[in-house]
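K.L.:
Below is the sequence, then the predicted model.
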Amino acid sequence: MSAASGFVVRAPRAASGPLETGATVCVAQRDAAAARATPGTALDAGDAIATGTASSAAISFYDGGRLSLDPDGVVLLGNEAASQTYLVRGSARATLSPAPNAPRPPLRIATPAATIDVGGSAELVVAVLSPQRTWVAVLAGSAAVVTGAADGDPATDLRAHEDVLEPGRAALVDGDEVRIDTGPARAADVPAALAQLAAPATSRRGGRLDRVLAADGARLDEIFARAELGATLAADLAMRHARAAREDRSRAASLQREIAVHASRQHRVRALVLARWERLLARALTTKCGAEARVDVDAAIASRRERVLRALGRAGAIR
């Protein structure tokens, strides 16, 4: 195994905060050492926030989202997608206000077991119980829970499986299993619900974490091949369409429809790549996060990130 290396993302500013609401809150910004945060501290993608046993922090995103990190929590701001966070340890409450007229990207909360995708206005609680167990409860609006499992025809229309939660519903993700049940109806009911979900010393599913990480990495590598093949086909379709546009308008129209169908399928494959990457990285970070917002990840896992960006069509966009 390669030596651990800092996982750092450099990108335009993604959020403002954290807004300190308790005692000590630490922030590690880019390559800098962890330091105590102050209210209004500006954050960039790649920054990590850690709360102590008697502290909490609230991160406000420019698009209206807000993530309140409870005591003993660690969160990393990602940049493989807009409004993306990695909840590595602890629990957090997320709120997304009603969207303005302009469209906005969903708020994504990646945990070691699943990614929670919040597209519209919502209020929910996410708790990391162990490296393989995550609990999600929706108090208002709705949210999709994505583990990286696939639906659809593997040959023609592969897509990420989603479990959509409505208000008053909760999901316990344990390994690859998602169990949906009645959840708390109010924020005041969340502590009691969490108290019934104390994490066991080891997860009941999935075995040792190193084997789980290897399996998750292999599953991500499998979908890379599909995404890369799709990108090659997209380029070929574009060339054929350009040629047909000069020579045969009827054929060009047919190819244009084929391009639209393929683009939709490729979008779904990219969503699956992103979900599987988020789960792999979040799980890896659970073994590397420190008490002062230090987040490291093995270079063997971090090296996949450039391939993820290529699959998402963003290679070279982030340094």
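P.N.:
Now that the structure is in, tell me what you want to look at. Numbering: from 1, shown residues only.
K.L.:
Centre of the chain to stretch 129-148, how far?
P.N.:
A distance of 11 Å separates the C-alpha centroid of stretch 129-148 from that of its chain, computed with Cα atoms, centre = their mean, to the nearest Å.
K.L.:
so for it, what's the average pLDDT?
P.N.:
Mean pLDDT, computed over stretch 129-148, is 93.
K.L.:
What of stretch 43-55?
P.N.:
82.
K.L.:
What is the end-to-end distance of that stretch?
P.N.:
18 Å (Cα to Cα, to the nearest Å).
K.L.:
Could you give the separation of it from the chain centroid?
P.N.:
17 Å.
K.L.:
If we ignore the residues flanking it in sequence, what's nearest residue 92?
P.N.:
Distance criterion Cβ to Cβ, 6 or more residues apart in numbering; nearest residue to residue 92, sequence neighbours excluded, is residue 69 at 4.9 Å. All C-beta atoms are positioned from the backbone trio N, CA, C, and that covers glycine.
K.L.:
Against residue 159, how distant is residue 239?
P.N.:
According to Cβ to Cβ, to the nearest Å, residue 239 and residue 159 sit 27 Å apart.
K.L.:
no no, residue 41
P.N.:
Counting by Cβ to Cβ, the separation of residue 41 from residue 159 is 38 Å.
K.L.:
okay, these two: which has more neighbours?
P.N.:
Neighbours per residue, other Cβ atoms under 10 Å: of residue 41 and residue 159, the larger number sits with residue 41, 21 against 16.
K.L.:
rewinding a little: so who does the residue nearest to residue 92 touch?
P.N.:
18, 49, 51, 56, 57, 58, 59, 75, 90, 92 (Cβ atoms under 8 Å, 6 or more residues apart in numbering).
K.L.:
again, only this time at 7 Å
P.N.:
49, 51, 56, 57, 75, 90, 92 (Cβ atoms under 7 Å, 6 or more residues apart in numbering).
K.L.:
The third one and residue 50: what is the separation?
P.N.:
Computed with Cβ to Cβ, the distance linking residue 56 and residue 50 is 11 Å.
K.L.:
Which one's more surrounded, those two?
P.N.:
Shown here are residue 56 and residue 50; by other Cβ under 10 Å, residue 50 has more neighbours (29 against 22).
K.L.:
where does the stretch 151-300 of the chain have low pLDDT?
P.N.:
Within the stretch 151-300 of the chain, the stretches with pLDDT under 70 are 198-209, 287-300.
K.L.:
in it, which spans are strands?
P.N.:
159-160, 163-165, 169-174, 177-182, 296-298 (DSSP state E, counting those that start in this stretch).
K.L.:
any chance of these in a markdown table, plus distance to residue 85?
P.N.:
A markdown table is the format used below for the strands of the stretch 151-300 of the chain (distance: least, Cβ to Cβ, whole Å):
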| stretch | distance to residue 85 |
| --- | --- |
| strand 159-160 | 18 |
| strand 163-165 | 18 |
| strand 169-174 | 17 |
| strand 177-182 | 20 |
| strand 296-298 | 16 |
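K.L.:
What distance do you get for residue 66 to residue 121?
P.N.:
If you go by Cβ to Cβ, the gap between residue 66 and residue 121 works out to 12 Å.
K.L.:
now residue 268
P.N.:
25 Å.
K.L.:
now what about the biggest strand by length in the chain, what contacts it?
P.N.:
Assignment by DSSP state E gives strand 84-96 as the longest strand of the chain. With contact meaning Cβ under 7 Å, 6+ apart, strand 84-96 is reached by 64-70, 72-78, 107-111, 118, 121-128, 194, 281-282, 285-286, 289, 295.
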